[in-house]
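>>> Need coordinates for the below:
(4 chains)
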There are 2 protein chains.
Amino acid sequence: MELAEAKLKFIEAWGKLGSEWGINRTMAQVHALLLVSPEALTTEEVMAELSISRGNANMTLRDLIDWGLVEKQHKTGERKEYFYAEKDTWIIARRVAEERKKRELDPVIKILGQLTEVKGDKKDSAYKAFHSSVTDISRLANNVNKTLDTMLKAEENWFFGSIFKIFK
Amino acid sequence: MELAEAKLKFIEAWGKLGSEWGINRTMAQVHALLLVSPEALTTEEVMAELSISRGNANMTLRDLIDWGLVEKQHKTGERKEYFYAEKDTWIIARRVAEERKKRELDPVIKILGQLTEVKGDKKDSAYKAFHSSVTDISRLANNVNKTLDTMLKAEENWFFGSIFKIFK
DNA sequence: TTAAACTTTCAAAAATAAATGAAAGATTAT
DNA sequence: ATAATCTTTCATTTATTTTTGAAAGTTTAA
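Model prediction:
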């Protein structure tokens, strides 16, 4: 397999994985393209490499910047904007975790907290089932949350070294 | 807030979270409904509670069974099938992790492994960027994989008690 | 100021995913 | 065997998400 083919495979695989996890396929593909590009690329180049429209490229790049995965660069004497992807896998994982936590986990935890407080007849099996399911899920969600918080605070990349060692 | 309203809120929140994570909204809602139901429900009841069609209810319930989150029950003297959701949050989390690992992570790890092997000119910065990104991501994916494997093997619910204690 | 170079927006179109419901397929009771 | 009851399928419809591309907006240079 040669480099060009391998790049395409990588972009395709990354796009598929993204779409299975609720991330726009194109966004994941643009990210993949930038990840394997040693130099920053222009909008034109992204458009050409992935055969997407200007509007799509622009919006996708903006989203990637919002996620903290890509940054704009300016070359002296040039008016075009260049886009460069953060290459440190650990930072990428953290940014994604951080963003999804904020957008999705936090709101759900809030609702679960409220639902945990709902009062009802303790003899009523419908109430009991509701309350215990919600309480359990709430507890799990809060634990995931705490774990993420600590992980997000960790400065270094402990994952590669340590986390799976705690399981024997 | 009363029980009926709380149930709706829970079903809605669960559905939204599901859809943000690549799980069909209806599937997550049916799961939520069954989770807070002390008794197993029939297809008719699911249809009525969520205002969905027979076909949709049937396929969704079948999917939930495939994921190992719901089981069919038969009541003696009755011909109807009843559906009951596993209530143990820990088991639910494990089943979901297991299924997604199998469907999504495993295939990607395989491809990444292949791409790691791609040979090229070590002086070429395009090759260097490709190789190092792919290698890093591959390593992260393999670590996630190992962690999940161990987690899936763990019999008891260590998550609630131990995992986040390792971070100080 | 004007024009060239580049970026952003957004209504409309296209692509994709999910839901419907009628019909076909099973299963059980009589 | 056949009718009643219940389950499954799948071609069509509907809803949702994503993409397009032309027009409007911005910035810089002369």
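
>>> Which strands or helices does the top helix by length along chain A pack on?
If each helix of chain A is counted by residues according to DSSP state H, the longest one is helix A:125-153. For helix A:125-153, the elements it packs on are helix A:89-100, helix A:106-116, helix B:3-20, helix B:25-35, helix B:89-100, helix B:158-161, judged by 3 or more C-beta pairs under 8 Å, 6 or more residues apart in numbering or on different chains; DSSP states H and E. From N, CA and C alone the C-beta is placed, and that goes for glycine too.

>>> for those, which one sits closest to DNA strand D?
Distances from DNA strand D to each of those were compared by C-beta to the nearest atom of the strand, and the smallest falls on helix B:3-20, at 6.1 Å.

>>> Mind listing what's buried along the closest one?
Residues of helix B:3-20 classed as buried under the neighbour-count rule (16 or more other C-beta atoms under 10 Å in any protein chain shown) are B:3, B:6-7, B:9-11, B:13-20.

>>> Stretch A:132-139 too?
Applying a neighbour-count criterion of 16+ other C-beta under 10 Å, the buried positions in stretch A:132-139 are A:Ser133, A:Val134, A:Asp136, A:Ile137, A:Ser138.

>>> circling back to that earlier point, I'd like the helices and strands packed on helix A:125-153 as JSON lines, with distance to DNA strand C and mean pLDDT appended.
Compiled in JSON lines, the helices and strands packed on helix A:125-153 are given as follows (distance: least, C-beta to the nearest atom of the strand, whole Å; pLDDT from 0 to 100):
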{"stretch": "helix A:89-100", "distance to DNA strand C": "18", "mean pLDDT": "92"}
{"stretch": "helix A:106-116", "distance to DNA strand C": "19", "mean pLDDT": "97"}
{"stretch": "helix B:3-20", "distance to DNA strand C": "7", "mean pLDDT": "96"}
{"stretch": "helix B:25-35", "distance to DNA strand C": "3", "mean pLDDT": "98"}
{"stretch": "helix B:89-100", "distance to DNA strand C": "15", "mean pLDDT": "92"}
{"stretch": "helix B:158-161", "distance to DNA strand C": "28", "mean pLDDT": "58"}
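
>>> Tell me which of those is the most buried.
Each of the helices and strands packed on helix A:125-153 was scored by mean neighbour count; the highest is helix B:25-35, a mean of 23, by mean count of other C-beta atoms under 10 Å in any protein chain shown.

>>> Quickly check: that one near DNA strand D or not.
No. Helix B:25-35 lies out of reach of DNA strand D by C-beta under 7 Å from any atom of the strand, never closer than 7.9 Å.

>>> How far off centre is that helix?
Here helix B:25-35 is found 12 Å from its chain centre; the criterion is C-alpha atoms, centre = their mean, to the nearest Å.

>>> That helix vs helix A:125-153, what angle?
Compare the direction of helix B:25-35 with that of helix A:125-153 by axes from the mean of the first three to the mean of the last three C-alpha atoms, to 10 degrees and you get 120 degrees.

>>> The very next helix or strand once past helix B:25-35 packs against which elements?
Stepping forward along the backbone from helix B:25-35, the first helix or strand reached (DSSP states H and E) is strand B:41-42. Applying 3+ C-beta pairs under 8 Å, 6+ apart, we find strand B:41-42 packed against strand B:81-85.

>>> Wondering if the strand it packs on reaches chain A at all.
No. When contact is scored as C-beta under 8 Å from any C-beta of the partner chain, no part of strand B:81-85 falls within range of chain A; the minimum is 8.7 Å.

>>> quick one: that strand to helix A:125-153, angle?
With the same axes, to 10 degrees defining the directions, strand B:81-85 sits at 40 degrees from helix A:125-153.

>>> Need the mean per-residue confidence for strand B:81-85.
For strand B:81-85, mean pLDDT is 98.

>>> Report whether it contacts DNA strand D.
Yes. Strand B:81-85 comes into contact with DNA strand D (C-beta under 7 Å from any atom of the strand), by way of B:Glu81.

>>> can you pull the contacts of A:Phe83?
A:Leu34, A:Ala40, A:Leu41, A:Thr42, A:Thr43, A:Val46, A:Leu61, A:Leu64, A:Val70, A:Glu71, A:Lys72, A:Gln73 (C-beta atoms under 8 Å, 6 or more residues apart in numbering or on different chains).
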